[in-house]
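Undergrad: sequence plus predicted model, see below.
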Amino acid sequence: MSGDAAEPAWEHAACAHLLTDDAGTVTRVNETFLAWTGRRRADVVGAPLTALLPVGDRVLFTTHSVPQLSLAGRVEEVSLQVIAADGTRLPALLTAVRRPADLGAGRAAEVAVALFSAGARRRYEEDLLAARRRAEASEARRARAEAGLQHLVHHDALTGLLNRSGLLEYLRTAARPASREASTPSAPAVLYLDLDGFKAVNDSLGHAAGDELLRVVAERLRGAVRDTAVLARLAGDEFAVVERTGAEGAGELAQRLLRALDPPVVLDGVEVVVSASIGIALQDADEEPGAGDPEARGPDRAVALLLRRADAAMYRAKARGRSQWLLHEPGQVDPATHRLQLLEQLRRAIAEGQLRLHYQPRTSLRTGRVHSVEALVRWAHPERGLLPPSEFIAAAEESGLVRELGAWVLDEALGQLARWDAAGGRERVPGREPVQVAVNLSGRELADPRLLSRVSAALARHRLGAGRLVLEITETALMSDPDAALVTLRDLKALGVHLAVDDFGTGYSSFTHLKRFPVDELKIDLSFVAGMASNPTDRAIVASCIELARAMGLLSVAEGVETAEQEAALTALGCDLVQGYRFGRPTPAGALAGAGAAGR
Amino acid sequence: MSTTSTTTARRSAVGRHHVTVTGDPDGPVVLMAHGFGCDQDMWSRLLPRFTADHRVVLYDHAGAGRSDPAAYDPQRHATLDGYAEDLLAICAELDLEDVTVVAHSVAAMMAVTAAVQDSSRFARLVLIAPSPCYVDDPATGYVGGFSRSDVEELLASLDSNYFAWAAAMAPVVMGAPDEPALGEELERSFCSTDPDTAREFARVTFLSDCRPLLGRIDVPTLLLQCAQDALAPLEVGDHLHAAIAGSTLVRLEATGHCPHVSAPEETAAAIRAFLAEQR
């Protein structure tokens, strides 16, 4: 190469060439380089090659390329910039080859450097990098929203304790006994604590004093338990303590908690005497919850049973007067025993046509028009009147009867949609009649292998496109077996059905899973919407949900919207669809057509 | 939730840092810590000059070379302390004693930090092309070689140098013509480094100021310096020599930042002379 260096061909080669000695000092440079950089030969020759590079490239070249040249003999296409005489940065790709000393020929080691101008390549790299950083930033925003949301969802803003969903999550995971240990001192005990006479404080001293009292109680409870205990505020003046005490320790703990509440609390200069009632239930690995019903086992059911027992024991304690505690006795009547009766009646109700569907509009905040309707089931009970789903769905779901119920709802809802199409002619009056109908799908139905064929058959029977149907699945149902849910959701999605995550924010979402689910909508639970106007925590949750939906490219749907303030707040947050009394109550199909025609 | 257990199975420090132990198992211990922007392969030329009569321990820093990607903890490795802890952990796990730590470039300050934390296992330090602080400090007259605006530009350019980092990972054929081939390692990534981690490592390197630690070094220390080191001018050697009590400063004939690569014979001779003197 050094021989070539004298050649005119080298001087005027297509690309810039330099030679350096082994120490990196430039010994020769060609005309092409000088023309390209505007530099003078005298300024370049004798100076270090790295002096031509901006500081960042200088460091990289010194720490990476120089040792690589030494060890491997060459570096190829190093992306860097060369500083021109006027200070501009010229993007380049550097290739260099080291030729070791030839002692025979009396030639020292040298390095031949070629620089290719690479403006286009550099721009391409910068674009790639910018895209990458944008993706990272968006991922970081999503992660922050997620972490914040997880905390908000599981904690009570007033006291900093866990809330109900946080406690459930804890009981489902951390507190589950690994084996038969109810008889050992370490079995977790759940203590339900309800203040006596809290309503009187709230009514006479106001909500601020009531809140202060709750904070004081939370502090005192925390001071009375071990560090390993978990505390929660479930609602209003209901607290729960979970500690691994065993049966005997639980009684001692209950007394300790009651004593901690003995000293009066001073609120606005008024001394208030606080007392509470406590019910205790032990998490019992021996017992098979729902042993007679193999489909009703599982952690959710066990946790629900545990809490219900502690709750029942608390009510019995309260009936005995102030500052009492009671342990749940095995054999004590379970408040859920009337479930069997109810199920029997429901089975008959489906067969005998006692079920009804009501439809609630889902309105677009942007256009103000009805976007779709949600079908909600009602039971016209011969003795108890029209029952909302809260009265019977849980029982149906636990028993598996929900599959029959769900099949009826799906068929009826799609039938109604077809009838609306036929009567209204949605092509003639676009936007007035509902475009889609949303139907709730339970966890049981989701796990049913016949679900897909049932959905496609129902759509075919009523000659409706799959895109007319939205299936709403609760977050909790999705998360009970996320992998199985994913398979089913993908099948449904392939069919063309729209998918919504229902009651979003109340479950225990693994966002990792959620991200994988091919869903179209997030439905924000009405409990958060209800608290939006007054409670900053709830507002933050709703905002996070909407943000999350947007980040994931999903429609956000707010449920339970009742007031103008809520509507304004949701509009400001950019929520897509709203549903609630403010926009229309659930009504029979006939009534809805009128409401829809009246418009908003 | 505060109750969630975080105890997960962790690999040993030796596994995490791809530790290589070679040479004479009964010889005195030399532990080599590679510098900024590379991995333990940088020692390939110096290594043969020690293996006959020393037990030589090599490793890759978290985020570099063949270290376990999980070993890199963005929080712990945000300062040199985390890297120093890693070095001490390797010594403790192998139960090394009377260790001569040979550390290049930024690793020199990891070794200094480790020695200040706990020098019980160290016999001496050999610092190659070291710098306690890369930034000039006009208030004290300290010359680090980089002005504040240099370092600001350097840090700002780390991101756009992403592809330069990535290019450094490109596979090349190892084995210079005047050097025996490196066996099965012949072709593999040279100094493989994750560009994102390398950026953070550069930040730690160029923002650290270890000058306050220098007076607390209580083991014999050899400083090896070269002319024309783009990362540390000669004044840095003088500063180190003055600040580290009883240190020895040797200026090599070799030039540049990596004398153990470009002039292994001379570098080894200087280190061996120091070892003999201190024995």
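TA: That came through fine.
Undergrad: counting neighbours, what do you get for residue B:41?
TA: Counted with other Cβ atoms under 10 Å in any protein chain shown, the neighbours of residue B:41 add up to 24. (Each C-beta comes from the backbone N, C-alpha and C, glycine too.)
Undergrad: how near is it to residue B:88?
TA: Here the distance between residue B:41 and residue B:88 works out to 23 Å (Cβ to Cβ, to the nearest Å).
Undergrad: how much space separates residue A:402 from residue A:528?
TA: 25 Å.
Undergrad: ok, those two, which is more surrounded?
TA: Counted by other Cβ under 10 Å, residue A:402 and residue A:528 do not tie: residue A:528 has more neighbours, with 27 against 24.
Undergrad: past the helix or strand hosting the more buried one, which element shows up next along the chain?
TA: Per DSSP states H and E, residue A:528 falls inside helix A:526-531. For helix A:526-531, the following helix or strand on the C-terminal side (DSSP H and E) is helix A:536-552.
Undergrad: got the buried residues for that next one?
TA: For helix A:536-552, the neighbour count (16 or more other Cβ atoms under 10 Å in any protein chain shown) marks A:537-550 as buried.
Undergrad: now stretch A:386-404
TA: For stretch A:386-404, a neighbour-count test (16+ other Cβ under 10 Å) marks A:387, A:392-403 as buried.
Undergrad: for stretch B:100-118, same thing?
TA: Buried residues in stretch B:100-118 (16+ other Cβ under 10 Å): B:100-116.
Undergrad: same check on stretch A:456-470?
TA: Going by 16+ other Cβ under 10 Å, stretch A:456-470 has these buried residues: A:456, A:458-459, A:462, A:464, A:466, A:468-470.
Undergrad: in the stretch 251-400 of chain A, where is pLDDT below threshold?
TA: Regions of the stretch 251-400 of chain A meeting the criterion pLDDT under 70 cover residues A:284-299, A:330-341.
Undergrad: can you give me the helices in it?
TA: A:299-319, A:339-352, A:393-399 (DSSP state H, counting those that start in this stretch).
Undergrad: what does chain B give?
TA: Assigned by DSSP state H, the helices in chain B fall at B:13-16, B:80-93, B:106-117, B:148-160, B:162-168, B:195-207, B:234-243, B:259-262, B:264-278.
Undergrad: ok, the residue of the stretch 51-200 of chain B found nearest chain A - contacts?
TA: Of all residues in the stretch 51-200 of chain B, residue B:157 sits closest to chain A, at 3.2 Å by Cβ to the nearest Cβ. Applying Cβ atoms under 8 Å, 6 or more residues apart in numbering or on different chains to residue B:157 gives the contacts A:54-57.
Undergrad: please redo it, this time with the cut-off set to 7 Å
TA: Residues in contact with residue B:157 (Cβ atoms under 7 Å, 6 or more residues apart in numbering or on different chains) are A:54, A:56.
Undergrad: measure the spatially most central residue of chain B to residue B:87 for me?
TA: Using Cα atoms, centre = their mean, the residue of chain B that lies closest to the mean C-alpha position is residue B:107, 2.6 Å off. Distance of residue B:107 to residue B:87, computed by Cβ to Cβ: 8 Å.
Undergrad: which residues do those two both contact?
TA: Both residue B:107 and residue B:87 are in contact with residue B:33, where contact means Cβ under 7 Å, 6+ apart.
Undergrad: next, count neighbours for the nearest residue to residue A:356 once chain neighbours are set aside.
TA: Excluding the flanking residues, the one nearest residue A:356 by Cβ to Cβ, 6 or more residues apart in numbering or on different chains is residue A:378, at 4.5 Å. By the criterion of other Cβ under 10 Å, residue A:378 has 19 neighbours.
Undergrad: residue A:378 contacts residue A:386, doesn't it?
TA: Yes. Between residue A:378 and residue A:386 a contact is recorded at 5.3 Å, counting by Cβ atoms under 7 Å.
Undergrad: do a quick rundown of the strands in the stretch 501-600 of chain A.
TA: A:521-524, A:555-558, A:577-578 (DSSP state E, counting those that start in this stretch).
Undergrad: in TSV, list the ones you listed along with mean pLDDT, mean neighbour count and distance to residue B:59.
TA: Compiled in TSV, these are given as follows (pLDDT from 0 to 100; neighbours: other Cβ atoms under 10 Å in any protein chain shown; distance: least, Cβ to Cβ, whole Å):
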stretch	mean pLDDT	mean neighbour count	distance to residue B:59
strand A:521-524	92	26	48
strand A:555-558	95	26	51
strand A:577-578	96	24	57
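Undergrad: residue contacts, the residue lying closest to residue A:240 once chain neighbours are set aside?
TA: Take residue A:240 and drop its neighbours on the chain: the residue closest to it by Cβ to Cβ, 6+ apart is residue A:232, 4.6 Å away. Applying Cβ under 7 Å, 6+ apart to residue A:232 gives the contacts A:161-164, A:166-167, A:239-240.
Undergrad: which one of the helices of the stretch 251-400 of chain A lies closest to chain B?
TA: With Cβ to the nearest Cβ, the closest approach to chain B among these belongs to helix A:299-319: 15.0 Å.
Undergrad: can I assume residue A:82 sits in a strand?
TA: Yes. Under DSSP: H, G, I helix; E, B strand; the rest coil, residue A:82 falls within a strand.
Undergrad: tell me what it is bridged to.
TA: Applying DSSP bridges to residue A:82 gives these bridge partners: residue A:90.
Undergrad: what's the local residue count around it?
TA: 22.
Undergrad: just residue A:572 next, same as before
TA: 9.
Undergrad: what's the separation between it and chain B?
TA: Distance, residue A:572 to chain B, by Cβ to the nearest Cβ, to the nearest Å: 32 Å.
Undergrad: so what pLDDT did that residue get?
TA: Residue A:572 carries a pLDDT value of 92.
Undergrad: show me the contacts for residue A:472.
TA: Counting by Cβ under 7 Å, 6+ apart, residue A:472 touches A:438-441, A:500, A:502, A:523.
Undergrad: among the helices and strands of chain A, which has the poorest mean pLDDT?
TA: Using mean pLDDT, DSSP states H and E, the weakest-scoring helix or strand in chain A turns out to be helix A:589-598, at a mean of 56.
Undergrad: before we move on, what about chain B?
TA: strand B:171-173 (a mean of 43).
Undergrad: circling back: just the buried residues of stretch A:456-470: which are in helices?
TA: A:456, A:458-459.
Undergrad: what's the pLDDT at residue 154?
TA: All of this is about chain A. For residue A:154, pLDDT reads 85.
Undergrad: ah, no, chain B please
TA: Predicted confidence (pLDDT) at residue B:154: the value is 85.
Undergrad: residues in contact with it?
TA: Neighbours of residue B:154 in contact, by Cβ under 7 Å, 6+ apart: A:55-56, A:59, B:206.
Undergrad: please redo it, this time with the cut-off set to 6 Å
TA: With contact taken as Cβ atoms under 6 Å, 6 or more residues apart in numbering or on different chains, residue B:154 is in contact with A:55-56.
Undergrad: what does the helix holding residue A:528 contact?
TA: With Cβ under 6 Å, 6+ apart as the test, helix A:526-531 has contacts from A:505, A:538, A:541-542, A:558-561.
Undergrad: CSV for the contacts of residue A:232, including pLDDT, neighbour count and secondary structure?
TA: Shown next, in CSV, are the contacts of residue A:232 (pLDDT from 0 to 100; neighbours: other Cβ atoms under 10 Å in any protein chain shown; DSSP: H, G, I helix; E, B strand; the rest coil):
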residue, pLDDT, neighbour count, secondary structure
A:161, 91, 22, coil
A:162, 90, 24, strand
A:163, 89, 21, coil
A:164, 87, 17, helix
A:166, 87, 22, helix
A:167, 89, 26, helix
A:239, 95, 26, strand
A:240, 95, 27, strand
